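In: Quick one, what's the 3D model for this:
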Amino acid sequence: MSGAGSVLIAGASEVVTGDATLGRGDLGLIPDGAVVVEGDRIAWVGPASEAPEADRRVDVGGRTVIPGFVDSHSHLVFAGDRAREFTARMAGERYDGGGIGVSVAATRAASDDELRALVAGRIAEIRAGGTTTVEIKSGYGLSVADEERSLRIAREFTEETTFLGAHVVPQALLEERDAYLDLVTGPMLAACAPHARWIDVFCEPHSAHAFTEAESRRVLEAGRAAGLGLRVHGNQLGPGPGVRLAVELEAASVDHCTYLTDDDIDALAGAADTTVATLLPGVEFSTRSPYPDARRLLDAGVSLALASDCNPGTCYTSSMAFVIALAVREMGLTVAEALLAATAGSAMSLRRNDIGIISTGRRADLTVVDAPSHEHLAYRPGMALARVLDLIERAPSG
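Out: Okay, the predicted model is just below:
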């Protein structure tokens, strides 16, 4: 086990593997655990007393080791500021998606180098908060050239890139929706597909700026025909067709899920092996919206993920620890359930089997929590406890 470049990570109060076969409970928790890394992969995990020798030892000093957070929903390529919009919502103004146009104007006005520097700064914040894998959507360009460059820049930081030309209909084209859909499913898709793994759509009949079921279906089917995986923004502002459409088309994830009917929950439970419900509690916090009932979803057998939805308008935070604390306090999850949703659950929503769990053969994407147990992620909300364990310096994995 002590081949060239092997590293023993020792001194952990506990190792949260995320694999129930490796330790206690659903978390697969190993008290006084240790991990051996070779290259960029996990070579061994188990009790420290049984750890094999390695070429180098890293002592984490009684801290907790967890899988790196997997943030499966973010919008990091943008310029500009919408703090006043947040302040207005805190004073009672309702969110309807219209503020996205402000970010579109600022993003279009920024140079490539400016956008790249902004994304790099956000990636640094993300890693400082313990996230090792991040998905990045476009959606603040809404023209062929600006969507293409958004994805091109995003691809410099992650392979998990999502084409979201169908974020909203640009204000100037609200009376020409079909023309914009022609653009999104034609020239824009052709330009963006080489830089994207996924396609997404804001399926939301409760907003005049977003897309109907029929429009969303058209976007998703075009993306699938171009070889992209499917994701859906659905059921955010009210009950709607997003969940039903995502399940029907076997999308990897339907995100938000703030307003769900019994039929929606039954559909998600029936599609638990295919479609993950990704909850974004930072959005509810930032828009004064009701929180989804995650307890009800989990008890029904729905596959669950948590993500940040870091964006300039409705949730300008990338802290997955904060997301976990909100899920515990406001959505009925235990700390263990929320941590699993923010790691293994989000990895599933990206259809990845190499991240989100600490087990042999998976990526050595590890995060250290500056506390004796994982429970401190919710017990001490707002504190900078989690950070990526940088054995090899690298950007968040794709």
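
In: Go ahead and flag the most central residue of this protein.
Out: residue 72 (2.0 Å; Cα atoms, centre = their mean).

In: May I have the residues that are in contact with that one?
Out: For residue 72, the contacting residues are 133, 135, 160, 253, 278, 305, 307, 346-347, 349-350, by Cβ atoms under 8 Å, 6 or more residues apart in numbering. Where you see a C-beta, it was placed from the backbone N, CA and C, and this is true even at glycine.

In: for residue 380, same thing?
Out: Listed by Cβ under 8 Å, 6+ apart, the contact set of residue 380 reads residue 371.

In: Now do it against residue 289, distance only.
Out: To residue 289, residue 380 is 25 Å away according to Cβ to Cβ, to the nearest Å.

In: ditto for residue 104
Out: From residue 104 to residue 289 the distance is 23 Å (Cβ to Cβ).

In: Tell me how many other residues crowd residue 116.
Out: 18 (other Cβ atoms under 10 Å).

In: swap in the one 5 residues further on?
Out: Residue neighbour count, defined by other Cβ under 10 Å, stands at 11 for residue 121.

In: next one: the one 4 residues further on
Out: Each residue near residue 125 was counted by other Cβ under 10 Å, and the total is 14.

In: Repeat that for the one 5 residues further on.
Out: Residue 130 is surrounded by 26 other residues when neighbours are defined as other Cβ under 10 Å.

In: Does it touch residue 367 like I think?
Out: Yes: taking Cβ atoms under 8 Å as the definition, residue 130 is a contact partner of residue 367 at 3.9 Å.

In: Pull up the overlap in contacts between these two.
Out: When contacts are counted by Cβ under 8 Å, 6+ apart, residue 130 and residue 367 are jointly contacted by 66, 68-69, 386-388.

In: Please work out the average pLDDT along the stretch of helix or strand residue 387 belongs to.
Out: Using DSSP states H and E, residue 387 sits in strand 386-388. Taken as a whole, strand 386-388 has an average pLDDT of 97.

In: For that strand, which strands pair with it and how are they oriented?
Out: Using DSSP bridges, strand 386-388 pairs in its sheet with strand 366-369 (antiparallel).

In: where are the low-confidence patches of the stretch 201-350 of the chain?
Out: By pLDDT under 70, the stretch 201-350 of the chain has no low-scoring segment.

In: Show me where it has its helices.
Out: Assigned by DSSP state H, counting those that start in this stretch, the stretch 201-350 of the chain shows helices spanning 213-225, 242-248, 262-270, 281-287, 294-299, 320-330, 335-340, 346-349.

In: can you redo these as a markdown table with distance to residue 16?
Out: Formatted as a markdown table, those follow (distance: least, Cβ to Cβ, whole Å):
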| stretch | distance to residue 16 |
| --- | --- |
| helix 213-225 | 35 |
| helix 242-248 | 30 |
| helix 262-270 | 26 |
| helix 281-287 | 21 |
| helix 294-299 | 18 |
| helix 320-330 | 12 |
| helix 335-340 | 7 |
| helix 346-349 | 14 |
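
In: Kindly present those helices as JSON lines, with separate columns for distance to residue 110 and mean neighbour count.
Out: Putting those into JSON lines (distance: least, Cβ to Cβ, whole Å; neighbours: other Cβ atoms under 10 Å) gives the following:
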{"stretch": "helix 213-225", "distance to residue 110": "26", "mean neighbour count": "19"}
{"stretch": "helix 242-248", "distance to residue 110": "30", "mean neighbour count": "24"}
{"stretch": "helix 262-270", "distance to residue 110": "38", "mean neighbour count": "17"}
{"stretch": "helix 281-287", "distance to residue 110": "23", "mean neighbour count": "23"}
{"stretch": "helix 294-299", "distance to residue 110": "36", "mean neighbour count": "18"}
{"stretch": "helix 320-330", "distance to residue 110": "26", "mean neighbour count": "23"}
{"stretch": "helix 335-340", "distance to residue 110": "35", "mean neighbour count": "24"}
{"stretch": "helix 346-349", "distance to residue 110": "29", "mean neighbour count": "28"}
